[in-house]
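Participant: One predicted model, sequence on top.
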Amino acid sequence: RLVMEAVCILFGVPPKTTSVRGAFPPMQNVDYWSVAKRLFNEPDFLSRLRSFDKDGLSLQQAARAEAHMAQGDLTPERVDASSRAAGSLCQWVFAILAYKRAHDALTGTPADPAAVAAAQAEVD
C-alpha cells in the first residue's frame, strides 16, 4: 500500500477522504487504495510512468513520497517478494526520488524544511 500511495503522490492524485462517523474530535479517513486502483487501471498508465516529468516534481511531492517510502523496511526486494508489479513500482519510485535528490543537489535547490516536516507529520 505504501508504494501505491507514493505513486499517487508523485502523480499528484489526491486520496479519497471520508469523515469517520461518531469520532470526536472529527476525523478524516484517508484512502489511497481506491484512487490507486483507478490510476493503475488507466490504459495509458505505463506510458505515463515512462514519460513522467521528473524535473517538474515539486519539493512537497518529493518530501511526501520520501516520507511514505521511509516507513518500515520498504525495499524493492521485500516488496517484490509479495508482488512483482509492486516491486517494479517500488524501484520506479526510489529511482524518481533519487533523481530528484541528485537534480536538486546539482542545481543547488535547497530542500524545503517545512515541506519535509509537514510530510513527516502527515505520515505520523
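Facilitator: Received the coordinates, thanks.
Participant: Name the surrounding residues that touch stretch 97-112.
Facilitator: For stretch 97-112, the surrounding residues in contact (Cβ atoms under 8 Å, 6 or more residues apart in numbering) are 54-55, 57, 59-60, 62-63, 65-66, 69. Yep, even glycine has a C-beta here, placed from its N, CA and C like the rest.
Participant: Are any of those residues buried, and if so which?
Facilitator: Applying 16 or more other Cβ atoms under 10 Å to the contacts of stretch 97-112, the neighbour count classes 57, 59, 62-63, 65-66, 69 as buried.
Participant: buried set for the helix or strand hosting Tyr99?
Facilitator: Per DSSP states H and E, Tyr99 falls inside helix 84-107. Buried residues in helix 84-107, defined by neighbour count with 16+ other Cβ under 10 Å: 86-87, 89-94, 96-97, 100.
Participant: Give me the distance between that helix and the centre of its chain.
Facilitator: 11 Å (Cα atoms, centre = their mean, to the nearest Å).
Participant: Dump the buried ones among the contacts of stretch 97-112 to TSV, plus pLDDT and distance to Ser82.
Facilitator: Shown next, in TSV, are those (pLDDT from 0 to 100; distance: Cβ to Cβ, whole Å):
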residue	pLDDT	distance to Ser82
Leu57	91	26
Leu59	88	30
Ala62	92	25
Ala63	91	26
Ala65	92	20
Glu66	91	21
Met69	88	16
